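1. show me the folded form of this:
(chains A and B)
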Amino acid sequence: DTAVSQTPKYLVTQMGNDKSIKCEQNLGHDTMYWYKQDSKKFLKIMFSYNNKELIINETVPNRFSPKSPDKAHLNLHINSLELGDSAVYFCASSQELLLAGSYNEQFFGPGTRLTVL
Amino acid sequence: TQLLEQSPQFLSIQEGENLTVYCNSSSVFSSLQWYRQEPGEGPVLLVTVVTGGEVKKLKRLTFQFGDARKDSSLHITAAQPGDTGLYLCAGEDTNAGKSTFGDGTTLTVKP
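-> Down below sits the predicted model:
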């Protein structure tokens, strides 16, 4: 059973298009994340959600709009795709928010490689 | 902005050799994690260190958290080809409620 799944695995599209990436976790976790990994393998957080509520938005352009229909799903919609959006996007989940006195294990999906031409 | 710098960025060694990867920051973290990522997959957690000076061992891997909780090291003894991958450190900041990842160390172990 896949704990955190993402679709599609690969996405190739033209500049200016709108696309979505879906993420689902079957771990019963409360918190989900989107990360972007660039060509230099640098992994940077974009968003986090807790029980369907937006917690972190790391100054991501508003062309990126996450949506959480329930706490097991966090989808990412991207409008007007640009060349610089090409990267691998990872969805992740953790049991709960990172709170004082705690630490979290994040479970990552397999990633979606987005190529914008 | 919290930054985590890893060194070296790339490491290619022969099977059986020992190696150490470093993760340094000017920021203090409440805990620090090490992840390993294989090509085409997401990172997988190896260990979390919480207390300054803490040392944890996972088979041939030894992880240490700096006394001031600003840096960490990962030492691998007698590296195996199966250790090949991207190693990422991640500092957890409970004030910000998020983890900041290092820039990664790509390890290649040749048979």
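
2. all contacts plus neighbour counts: C-alpha atoms, from now on.
-> Noted.

3. hey, where'd the strands end up in the chain?
-> By default, I'm working from chain A. A:4-7, A:10-13, A:19-25, A:31-37, A:43-50, A:53-57, A:64-70, A:73-78, A:87-94, A:107-108, A:112-116 (DSSP state E).

4. wrong chain, I was asking about chain B
-> According to DSSP E, the strands that chain B contains are B:5-7, B:10-14, B:19-24, B:31-37, B:44-49, B:55-58, B:61-65, B:71-76, B:85-93, B:98-101, B:105-110.

5. weakest of those by average pLDDT?
-> With a mean of 90, strand B:98-101 has the lowest mean pLDDT of the strands of chain B.

6. what comes into contact with it?
-> Taking Cα atoms under 8 Å, 6 or more residues apart in numbering or on different chains as the criterion, the residues outside strand B:98-101 that touch it are A:42-45, A:98, B:2-4, B:88-93.

7. now render those residues as JSON lines, adding distance to B:G42.
-> Shown next, in JSON lines, are the contacts of strand B:98-101 (distance: Cα to Cα, whole Å):
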{"residue": "A:F42", "distance to B:G42": "13"}
{"residue": "A:L43", "distance to B:G42": "11"}
{"residue": "A:K44", "distance to B:G42": "13"}
{"residue": "A:I45", "distance to B:G42": "14"}
{"residue": "A:L98", "distance to B:G42": "20"}
{"residue": "B:Q2", "distance to B:G42": "22"}
{"residue": "B:L3", "distance to B:G42": "21"}
{"residue": "B:L4", "distance to B:G42": "19"}
{"residue": "B:L88", "distance to B:G42": "11"}
{"residue": "B:C89", "distance to B:G42": "14"}
{"residue": "B:A90", "distance to B:G42": "14"}
{"residue": "B:G91", "distance to B:G42": "18"}
{"residue": "B:E92", "distance to B:G42": "18"}
{"residue": "B:D93", "distance to B:G42": "21"}
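
8. are any of those buried, and which?
-> Buried by 16 or more other Cα atoms under 10 Å in any protein chain shown: A:43-45, A:98, B:4, B:88-93, out of the contacts of strand B:98-101.

9. and the residues you listed, which is closest to A:G28?
-> A:L98 (16.1 Å; Cα to Cα).

10. now do the closest one against A:Q14, distance only.
-> 37 Å (Cα to Cα, to the nearest Å).

11. try A:Y35
-> 22 Å.

12. more neighbours, these two?
-> Using other Cα atoms under 10 Å in any protein chain shown, the more surrounded residue of A:Y35 and A:Q14 is A:Y35, with 19 against 13.

13. need the contact list for that one.
-> A:43-47, A:89-92.

14. check what pLDDT it gets.
-> pLDDT, A:Y35: 96.

15. check the one 10 residues further on too.
-> At A:I45 the predicted local confidence, pLDDT, stands at 93.

16. residues in contact with B:G82?
-> Neighbours of B:G82 in contact, by Cα under 8 Å, 6+ apart: B:V109.

17. and the worst-scoring helix or strand of chain A on mean pLDDT, which strands flank it?
-> One helix or strand of chain A scores below all others by mean pLDDT, DSSP states H and E: strand A:53-57, with a mean of 90. Strand A:53-57 pairs in its sheet with strand A:43-50 (antiparallel), by DSSP bridges.

18. tell me the angle the strand it pairs with makes with strand A:64-70.
-> 40 degrees (axes from the mean of the first three to the mean of the last three Cα atoms, to 10 degrees).

19. contacting residues around strand A:43-50?
-> A:30-37, A:54-60, A:66, A:68, A:71, A:74, A:96-97, B:99-103.
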